[in-house]
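J.: Sequence plus the predicted model coming up.
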Amino acid sequence: MRPEPPGPDGGPPTGAVGRAVRLLELLASGGPRSLTRLVTDTGLPKTTAHRVLRMLVAHDLVAHGPTGYEVGRRMRELANLIVGQHDDLRRVLMPFLVDLYERTDHAVRLGVLRGDECVYLETVYGARHAAAVRGAGDHGPAHSTAAGKVLLAYTAGRVPRQRPLPWLTSFTVVDPARLGDELTAVRRTGAATASQEQRLGLVTVAMPVLGRDRAVVAAIEIVGDAAFRPREVATAHRQVALAASVALGSRT
């Protein structure tokens with residue numbers, strides 16, 4: 001069953017900021033959505049959602065086009081600023097992303113942690129993956145993606161402080177205790193999975209990339225559909241993540 005939207009009392013988020021953030025999170029992680037879909041996904045009254053969206057559109061944080069509401073210019077510019085701060089990391093690791101894509105025939109993403117969000121610096125994908133993934137600058141709540149879970153487990157070492165944790169689909173893990181157990185398991189196994197937690201039909205698996213001081217600096221994530229079996233790509237994934245770590249100067 002679909003969980004109730006996690007507001008302070010178990011209902012939808014309250015307050016203007018909470019409503020705006022909830023809408024932005026959905027648009028940033030799931031692509032264009034109609035007003036009706038946003039109302040359904042957030043549990044907000046239609047008039048409230050429409051009023052908040054008009055405010056976000058006025059500030060260029062959201063755009064309204066023929067396919068519905070989507071992330072606006074100012075939000076994309078902020079994401080691109082973050083991507084630009086990691087040019088060296090992208091340059092060194094890009095060949096490894098391409099290698100993993102060619103070995104697995106699945107879309108591959110490079111993620112870093114920014115606060116409680118996972119920001120994707122690069123994405124390598126083919127024509128058949130175009131509808132499922134987007135390019136550099138895509139981002140979303142770290143706890144909803146495999147790359148984000150890896151980064152939370154190794155970089156932050158904690159469950160996000162935000163309360164309540166935002167849910168993006170009915171599969172998103174928003175219980176802090178359960179998420180904490182998952183992060184502990186990530187540190188034990190060296191990998192994380194997220195099954196339809198960021199977007200319905202999207203399954204991701206990620207492994208860490210280490211820097212010179214053996215600290216985790218990024219996560220390499222493989223993206224598949226609902227039928228995707230992470231175990232089938234585990235060997236290639238681990239080999240590429242290790243090679244990428246060596247390239248960054250890690251003594252593994």
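T.: Looks like it arrived, so ask away. Numbers count the residues shown, from 1 in each chain.
J.: So which bits of the longest helix seen in the chain are buried?
T.: Longest among the helix segments of the chain by residue count, using DSSP state H, is helix 87-104. Residues of helix 87-104 classed as buried: 89-90, 93, 96-97, 99-101, 104 (neighbour count, 16 or more other C-beta atoms under 10 Å). Every C-beta, even on glycine, is put in place using the N, C-alpha and C of the backbone.
J.: try stretch 59-78
T.: Neighbour-count burial for stretch 59-78 flags 61-63, 68-72, 75-76 (criterion: 16+ other C-beta under 10 Å).
J.: Identify, from the residues you listed, the entry nearest to Thr155.
T.: Distance to Thr155, by C-beta to C-beta, is smallest for Met75 among these, at 23.4 Å.
J.: who touches that closest one in this structure?
T.: Contact analysis of Met75 by C-beta atoms under 8 Å, 6 or more residues apart in numbering lists 24, 28, 61-62.
J.: Tell me which residues touch Arg187, please.
T.: With contact set as C-beta under 8 Å, 6+ apart, Arg187 has these partners: 153-154.
J.: and the residue positioned nearest the centre of the chain, backbone torsions?
T.: Centroid check for the chain by C-alpha atoms, centre = their mean gives Gly140 as the closest residue, at 4.0 Å. With angles defined as degrees, to the nearest 10, Gly140 sits at phi -170, psi 170.
J.: Assess the claim that it and Trp167 are in contact.
T.: No: Gly140 is beyond contact range of Trp167, at 11.6 Å (criterion: C-beta atoms under 8 Å).
J.: that older thread, between which two of the buried residues of helix 87-104 is the distance greatest?
T.: Using C-beta to C-beta, these span at most 21.4 Å, a distance reached by Leu89 and Thr104.
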